[in-house]
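# The sequence and its predicted three-dimensional model are supplied below.
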Amino acid sequence: MQPKFLSAEQFLLVTLVGKLAVIAALATMLARYRRFRHILIFERRDWPDRLAFALGLIVPLTTGVASRILLNYDAADLMLEGAFLAGLIAGPYTGGLVGGISAVPALIAGEWGALPFAVGAGFTGGGIREASPKEDIWSFSPFIVFSLHKVAWRMLRDLKINWQVAILLAPVGLELIRRTIGSRFGLHRIFYFETPSSWLTLATYVATVLTVSLPIKIWNNARIEHRVQEQEKLLLAAKIEALKSQINPHFLFNTLSSVSSLIRSEPDTARTVIQKLSGLLRKLMRSHEQFVTLREELDSIDEYLAIEVIRFGPRLNVEKQIAADTLDVIVPSMILQPLVENAIKHGLARKVGRGRITIRSRRDGDTLRVDVEDDGLGISDDRLQTAMSSGIGLSNVHERLRVIYGANARVELSGSPGLGACACLELPVLIAEEQITA
């Protein structure tokens, strides 16, 4: 079987397609780097950002030109498109710098026209950037060519430049200049694709436009994705704050109800409760943190329990069994208070005699387990079925865990009539040094 070889036309088409694949891979790879994405997202850039952006393009573009000269891999030469893109995204000086350095291998090889042409391509892109609205750059699509007659008529009618057309025509004009210089002085002075037919010449221009538009599309998608993620973070933070804010009025209402019952019978006790309550509320109003360590959460619970101990006197006993390796684990703030309040209100308030609340914590691998247990009146099977959906306390805790951790955290309630109840929290372990905010 005889081997089949590509014709000159087929080889050129394969090279043009390879050029699109190279620029798409390069744009995708650069968009994965956080610093590069940061530069894409913010239009106001200082010089360190511009230099970082330039460096991200200079290395692969220069390597591509060298590959074309040394390995005859023409698809890797993106000097025109890369310099134009650098200017279009980061400004004329960045475009000129990228174009000038990426042309050095060609200049060394004797292609004296490469350096001024590449620098000019960079400044062309930068000039369009300085003159045009920035969103016109990011929304650029080569498919505007299909409605070019309508756009041209509107430009003539309104005497106003359509920058989408300018971005389309600029690389076409640069390719035309490169081909004119190359055909006049030869391939040894500036590189261009020699085309044996007019339709391949047209394909070369189309490939140049697509090589410019592909990175813009990829990078704009990265910008949009970042903005969506930021909006989701803001929405999540707002939802967590709203759920947290439900607890404070709920807790305040219950405590004030207790104070009202003490005012006539035990006014001194009521006064002490109010003082403790004002101190706790002052602390809650000063705190805007969504996450705290378990140690800080337990300190807040102590202040709340101090109020309840005053109310109940010797009837209420509190016991803690806290593992030392759990104290620095991050938990949502005010996550235990509703559980302790439920234990007192539903388990111990109506119990005759003494009652005890036990708070335990332990680590089980990558999971933190916190139990709030009481030896009160217990809970019926019917109540267990509806506990997570009725009332504010448990349902709020359940919803906050779902919003913050998804399926990685849960709260479970267990118990039986006359034998007390236990609320168990299970959270993923996040140590204080790794703390993040919502």
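Everything's here; your move. Numbers count the residues shown, from 1 in each chain.
# what comes up buried for the strand or helix carrying Gly279?
Using DSSP states H and E, Gly279 maps to helix 267-286. Buried residues in helix 267-286, counting neighbours by 16 or more other CB atoms under 10 Å, are found at 269-270, 272-274, 276-277, 280, 284. Glycine gets a C-beta too; all of them are placed from N, C-alpha and C.
# For the helix or strand following it, give the mean pLDDT please.
Using DSSP H and E, the helix or strand that follows helix 267-286 in sequence is strand 291-293. For strand 291-293, mean pLDDT is 85.
# So what's the gap between strand 291-293 and the chain middle?
22 Å (CA atoms, centre = their mean, to the nearest Å).
# Sheet partners, orientation included, of that strand?
Using DSSP bridges, the strands paired with strand 291-293 are strand 330-332 (antiparallel).
# what is the rounded mean pLDDT of whichever helix or strand comes after the strand it pairs with?
Later in the chain than strand 330-332, the nearest helix or strand by DSSP H and E is helix 337-342. Helix 337-342 shows a mean pLDDT of 84.
# Tell me how many other residues crowd Lys345.
16 (other CB atoms under 10 Å).
# picking that back up, and the helix holding Gly279, what other elements does it pack with?
helix 198-262, helix 294-312 (3 or more CB pairs under 8 Å, 6 or more residues apart in numbering; DSSP states H and E).
# about what we covered before: could you export the buried residues of helix 267-286 as CSV, including pLDDT and distance to Ala54?
CSV is the format used below for these (pLDDT from 0 to 100; distance: CB to CB, whole Å):
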residue, pLDDT, distance to Ala54
Thr269, 77, 72
Ala270, 79, 71
Thr272, 79, 68
Val273, 77, 66
Ile274, 81, 65
Lys276, 75, 62
Leu277, 75, 60
Leu280, 70, 56
Leu284, 63, 50
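# if we can go back for a sec, rank the helices and strands packed on helix 267-286 by pLDDT, which is bottom?
For those, where the average pLDDT is lowest is helix 198-262, sitting at a mean of 76.
# can you give me how far the helix holding Gly279 is from the chain middle?
Centroid separation for helix 267-286 versus its chain: 41 Å, with CA atoms, centre = their mean.
# Residues contacting that helix, please?
248, 252, 255, 258-259, 262-263, 300, 303-304, 306-307, 310-311, 334 (CB atoms under 8 Å, 6 or more residues apart in numbering).
# nearest to His346, of the residues you listed?
Of all the contacts of helix 267-286, His346 sits closest to Ser258, with 14.4 Å by CB to CB.
# returning to what we had before: which of the helices and strands packed on helix 267-286 sits most buried?
Neighbour counts (mean count of other CB atoms under 10 Å) averaged over each of these peak at helix 294-312, with a mean of 18.
# The helix holding Gly279 versus helix 294-312: what angle between them?
Counting by axes from the mean of the first three to the mean of the last three CA atoms, to 10 degrees, helix 267-286 lies at 160 degrees to helix 294-312.
# in the helix or strand where Glu135 lies, what counts as buried?
Assigned by DSSP H and E, Glu135 belongs to helix 134-138. Of all the residues in helix 134-138, those buried under the rule 16+ other CB under 10 Å are 137-138.
# for the buried residues of helix 267-286, which one is nearest Ile161?
Among these, and counting by CB to CB, the member closest to Ile161 is Leu284, at 57.5 Å.
# returning to what we had before: which of the contacts of helix 267-286 sit farthest apart?
Ile263 and Met334 (27.1 Å).
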